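Trainee: Here's my sequence, what's the structure:
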Amino acid sequence: MRYTDSHNHTMRFSGDARMTPEELIAGAANMGLLAIVITEHYEKDYPYDCESNQIFDIDTYFEAFREWKKNLPKDFTIYSGIELGYMTHLGPFFDELIAKYPFDSVILSDHLFHGKDPYYEPCYDMPKGDLYSAYVLELTNMVTACNQFDILGHYDYIARYATYDDPTMKYKDSPEAFDQLFRALISKNKSLEINTRSIQKYMLKGIHDCMPDKELLYQYKKLGGDRLTLGSDSHDTRTLGLLFDETAEHLRSCGFDELTTFIGRKEMRTSMY
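Mentor: Numbering: from 1, shown residues only. Predicted coordinates for the structure are as follows:
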């Protein structure tokens, strides 16, 4: 199976990335991906003083994107994208912003919990279930507040940097919160991202059961969720299409048979068989 990797960043427009657009395109084509979506960070009002930019000029991005499309490898394509970093006051701003531009795919992510990015401040003095329930509730509020997006990015972002012995998110940790989130996503016909960078981070910590929780996926499907999107969240070429075969096999074992990508903001379904 040839995949579309729906979540990638380049150093041209995402300050924390370590690959050029040309390296991203060549690397993805060489490993046999069908397509990639170049989803640069857009972190308006980000509360940390970073050395690199966390926001980019969208008009300049589209000028560059048109140039990237001119010399693509054979049987390979790219799609335009953006990853929006949510804060509570930004819902109307994002809806108005995205409506102005011809993105193929829009990821909506929450990189902050109570205003803090766990990448910089990972320690929370809370039981695991309480922390994850509170974060998933923030995701639900985000999904409810915004309309101009297609994919909920890395629902387990906070777990990547949690300090618990087993930080992986389980449905049993926060069942009511996850049910609210799934119903909000499903009611808006949005897709749930399965972010393989999270899986890799669990593997590097030596955790045996790294794949998304089966009970969580069963419940999503039970409630009517049938949109899943694969994204590697790559910031360098080493992780392009990371663990896609293994993750697709896991998703099939949970009863899913299609992946969802977006072209021109319209969903496209691809069979995993």
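
Trainee: now stretch 23-37: how far from the chain's centre is it?
Mentor: 18 Å (CA atoms, centre = their mean, to the nearest Å).

Trainee: for stretch 154-173, same thing?
Mentor: Taking mean C-alpha positions (CA atoms, centre = their mean), stretch 154-173 and its chain are 15 Å apart.

Trainee: What is the end-to-end distance of that stretch?
Mentor: Its first and final residues considered, stretch 154-173 spans 17 Å by CA to CA, to the nearest Å.

Trainee: Count the neighbours of residue 59 for me.
Mentor: 10 (other CB atoms under 10 Å). To be clear about C-beta, it is placed using only N, CA and C from the backbone, and glycine gets the same treatment.

Trainee: for residue 167, that is, sorry about that
Mentor: 21.

Trainee: Quick one: residues contacting the closest residue to it other than its chain neighbours.
Mentor: Nearest in space to residue 167, with sequence neighbours left out and distances taken as CB to CB, 6 or more residues apart in numbering, is residue 159 at 4.7 Å. By CB atoms under 8 Å, 6 or more residues apart in numbering, the contact set of residue 159 is 132, 167, 168, 169, 198.

Trainee: In helices, which of those residues fall?
Mentor: Using DSSP state H, the subset of these located in helices is 132, 198.

Trainee: Just put the contacts of residue 159 in JSON lines and tack on distance to residue 44 and pLDDT.
Mentor: Converted to JSON lines, the contacts of residue 159 look like this (distance: CB to CB, whole Å; pLDDT from 0 to 100):
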{"residue": "132", "distance to residue 44": "26", "pLDDT": "97"}
{"residue": "167", "distance to residue 44": "28", "pLDDT": "95"}
{"residue": "168", "distance to residue 44": "30", "pLDDT": "97"}
{"residue": "169", "distance to residue 44": "27", "pLDDT": "97"}
{"residue": "198", "distance to residue 44": "24", "pLDDT": "97"}
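
Trainee: which one of the contacts of residue 159 is nearest residue 211?
Mentor: Residue 211 lies nearest to residue 168 out of the contacts of residue 159, by CB to CB, at 8.9 Å.

Trainee: name the element the closest residue to that closest one other than its chain neighbours belongs to?
Mentor: Distances taken as CB to CB, 6+ apart put residue 202 closest to residue 168, at 5.8 Å, once the chain neighbours are dropped. Taking DSSP states H and E as the criterion, residue 202 maps to helix 196-204.

Trainee: what's the offset of that helix from the middle of its chain?
Mentor: Mean-position distance between helix 196-204 and its chain equals 13 Å (CA atoms, centre = their mean).

Trainee: List the buried residues of that helix.
Mentor: 196, 197, 198, 199, 200, 201, 202 (16 or more other CB atoms under 10 Å).

Trainee: before we move on, the earlier item: and the gap between the residue nearest to residue 168 and residue 218?
Mentor: For residue 202, the distance to residue 218 equals 20 Å [CB to CB, to the nearest Å].

Trainee: what ranges do the strands span in the stretch 151-273 of the chain?
Mentor: Applying DSSP state E, counting those that start in this stretch to the stretch 151-273 of the chain gives strands spanning 151-152, 191-195, 228-231, 258-263, 266-271.

Trainee: May I see these organised as TSV, with mean pLDDT and distance to residue 182 added?
Mentor: Below are the strands of the stretch 151-273 of the chain laid out as TSV (pLDDT from 0 to 100; distance: least, CB to CB, whole Å):
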stretch	mean pLDDT	distance to residue 182
strand 151-152	98	10
strand 191-195	98	8
strand 228-231	98	12
strand 258-263	98	15
strand 266-271	98	17
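
Trainee: most packed of these?
Mentor: Stretch with highest mean neighbour count among these: strand 151-152 (a mean of 28; mean count of other CB atoms under 10 Å).

Trainee: So which residues make contact with it?
Mentor: Outside strand 151-152, the residues that touch it by CB under 8 Å, 6+ apart are 6, 105-109, 139, 143, 185, 190-193, 229, 231, 262.

Trainee: Now do the contacts for residue 237.
Mentor: With CB under 8 Å, 6+ apart, residue 237 has these contacts: 19, 23, 24, 27.

Trainee: Swap in 10 Å and give it another go.
Mentor: By CB atoms under 10 Å, 6 or more residues apart in numbering, the contact set of residue 237 is 8, 18, 19, 20, 23, 24, 26, 27, 28, 30, 31.

Trainee: Tell me the one of these nearest residue 100?
Mentor: Using CB to CB, residue 8 is the member of these that sits closest to residue 100, with 22.7 Å.
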